[in-house]
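Engineer: Sequence first, predicted coordinates after that:
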Amino acid sequence: MPEDSPLIQSLRTAVDAAPGDVPLRLHLAELLLAEGRQDAAVTEAAVALQHAPGDEQVRALMMRAMSGPAAPAASVEHHPSASAPAPAPRTGFDWRAAADQVGDVLPPRFVESVEPPLTADGSGDPGDAEAWDVSGPDAPGTIRLADVGGMREVKERLEAAFLAPMRNPELRKLYGKSLRGGLLLYGPPGCGKTFIARAIAGELGAGFLSVSVNDVLDMWIGNSERNMHEIFQAARRQAPCVIFLDELDALGAKRSRTQHSGLRNTVNQLLTELDGIDSAANEGVFVLAATNVPWDVDIALRRPGRLDRTLLVLPPDAQAREAILRYHLKERPVENVDLGKLVKVTDGLSGADLAHVCEAAAETALLDSARTGTVRMIGMKDLLGAAKQTVPSSEPWFATARNVAMYANDGGTYDDLITYLKKKRKL
């Protein structure tokens, strides 16, 4: 196998860093073809075709690569005649010329930092609302519940327990419905809790502020509590706003099991902020939280007036699975895919599992195309094979949740989970 030139090595590195960048991969294939390396060019064109199946430029390059020796690329130095002698090889590599050649497809190596300088204690300054990324209701990518496939029971529960009172202030006032409290989404990982939270924000026409443990916890004493307070302050300034506390078990773990005083103080600060949900200061601030292990969340967080509504988010039903599969296959070259059959054999898989099935099927077709030199579509055989090899990632979660539901169902918190386990004959 010929040794790559420095330029091709640089392009390969850039392609590995951005595998979905079709123009960049196309440029690499052109250079390989210009050097007479048809097999390598076919491999790169096949991958590009997988990312952009309808791209005529990619298809044309594939045909040229598979038809035989390629003509010199347009970027190669022009010769006055076919009999003119080739230029003498250069003794060194012209990095400036190479940079000019790939300047339109390669991102800059370094960018100017726009982060504010650190304070004297080594922390950033979250003192203004701009320090927290609040997505506006009209931001690109805003979704609504209609964009969530299936999950009819989940949507009905959300409408009755959360959305209807929020959207109808006059009826809320008439019936004395309180706005106190928030909503806790729980269930196995990969089932769309974050997606549903974003849909709720879109349904309310509110901003969305996603908060993870990395946004709050700080090594300096007192900074974690300040971060938690500033997050709620940012939401209050930009109300209506949904605060989404991801992985609540990390932010609000049971204080009785927490030995570090800093973590206990962070939970105390969160409780203080949640206590303001029914006050004028928190008008228009809605709090959602998600966790895979609700039994590890501090019980004080779930008392009335805080995160007192609980919603179980389970693996997608048939309608949701069809929507998820259709979404992950719409940009891929597929043929003769029977979604109905695929939906049946993927029962029990989470949304993340379904995405993996589509990715694995695409990988099988891609490698087959690269080995044979003939591009082929993704078919049912690829998808069914990938589905057969995918073990439901939610099974370990249900093994733990079953014990909790049976022996620690205080106050009927996990009644929905027990109903589901009985339905699936897992209890």
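Structural biologist: Yep, that arrived. Numbers count the residues shown, from 1 in each chain.
Engineer: rest of the way, CA atoms for contacts and neighbours
Structural biologist: Fine.
Engineer: Show me what the mean pLDDT comes to for stretch 44-52.
Structural biologist: Mean pLDDT, stretch 44-52: 78.
Engineer: how about stretch 192-211: buried residues?
Structural biologist: Using 16 or more other C-alpha atoms under 10 Å as the test for burial, stretch 192-211 gives 192-194, 196-211.
Engineer: hmm, I was thinking of stretch 248-256
Structural biologist: In stretch 248-256, counting by 16+ other C-alpha under 10 Å, buried: 248-255.
Engineer: Distance to Ala370, pLDDT and secondary structure for these - can I get that in JSON lines?
Structural biologist: Converted to JSON lines, the buried residues of stretch 248-256 look like this (distance: C-alpha to C-alpha, whole Å; pLDDT from 0 to 100; DSSP: H, G, I helix; E, B strand; the rest coil):
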{"residue": "Leu248", "distance to Ala370": "44", "pLDDT": "89", "secondary structure": "helix"}
{"residue": "Asp249", "distance to Ala370": "45", "pLDDT": "88", "secondary structure": "helix"}
{"residue": "Ala250", "distance to Ala370": "44", "pLDDT": "85", "secondary structure": "helix"}
{"residue": "Leu251", "distance to Ala370": "46", "pLDDT": "83", "secondary structure": "helix"}
{"residue": "Gly252", "distance to Ala370": "49", "pLDDT": "84", "secondary structure": "coil"}
{"residue": "Ala253", "distance to Ala370": "49", "pLDDT": "80", "secondary structure": "strand"}
{"residue": "Lys254", "distance to Ala370": "52", "pLDDT": "80", "secondary structure": "coil"}
{"residue": "Arg255", "distance to Ala370": "55", "pLDDT": "79", "secondary structure": "helix"}
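Engineer: can you name the two of those residues that are farthest apart?
Structural biologist: Leu248 and Arg255 (13.1 Å; C-alpha to C-alpha).
Engineer: Show me where the stretch 1-150 of the chain has its helices.
Structural biologist: 6-17, 22-34, 38-51, 56-67, 95-102 (DSSP state H, counting those that start in this stretch).
Engineer: for the stretch 301-427 of the chain, same thing?
Structural biologist: 318-329, 339-345, 351-372, 380-389, 395-407, 415-423.
Engineer: Including mean neighbour count, could the ones you listed go into JSON lines?
Structural biologist: Listed next are these as JSON lines, based on neighbours: other C-alpha atoms under 10 Å:
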{"stretch": "helix 318-329", "mean neighbour count": "18"}
{"stretch": "helix 339-345", "mean neighbour count": "14"}
{"stretch": "helix 351-372", "mean neighbour count": "19"}
{"stretch": "helix 380-389", "mean neighbour count": "17"}
{"stretch": "helix 395-407", "mean neighbour count": "15"}
{"stretch": "helix 415-423", "mean neighbour count": "15"}
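Engineer: how about the ones you listed, which one is nearest Leu288?
Structural biologist: Comparing the helices of the stretch 301-427 of the chain by C-alpha to C-alpha, helix 415-423 comes nearest, at 19.0 Å.
Engineer: between that closest one and helix 395-407, how many degrees?
Structural biologist: Using axes from the mean of the first three to the mean of the last three C-alpha atoms, to 10 degrees, one finds that helix 415-423 and helix 395-407 are set 110 degrees apart in direction.
Engineer: what about the helices of the stretch 1-150 of the chain, which gets the closest to Gln269?
Structural biologist: So among these, helix 6-17 is nearest, using C-alpha to C-alpha, at 40.6 Å.
Engineer: Tell me the helices and strands packed up against the closest one.
Structural biologist: In terms of contacts (3 or more C-alpha pairs under 8 Å, 6 or more residues apart in numbering; DSSP states H and E), helix 6-17 is packed against helix 22-34.
Engineer: Tell me which other helices or strands the helix it packs on touches.
Structural biologist: helix 6-17, helix 38-51, helix 56-67.
Engineer: For the longest one, which outside residues touch it?
Structural biologist: Contacts of helix 38-51 with the rest of the structure, by C-alpha atoms under 8 Å, 6 or more residues apart in numbering, involve 20, 22, 25-26, 28-30, 32-33, 55, 58-59, 61-62, 65-66, 68-70, 331-333, 366, 369-370, 373, 375.
Engineer: No more questions from me, cheers.
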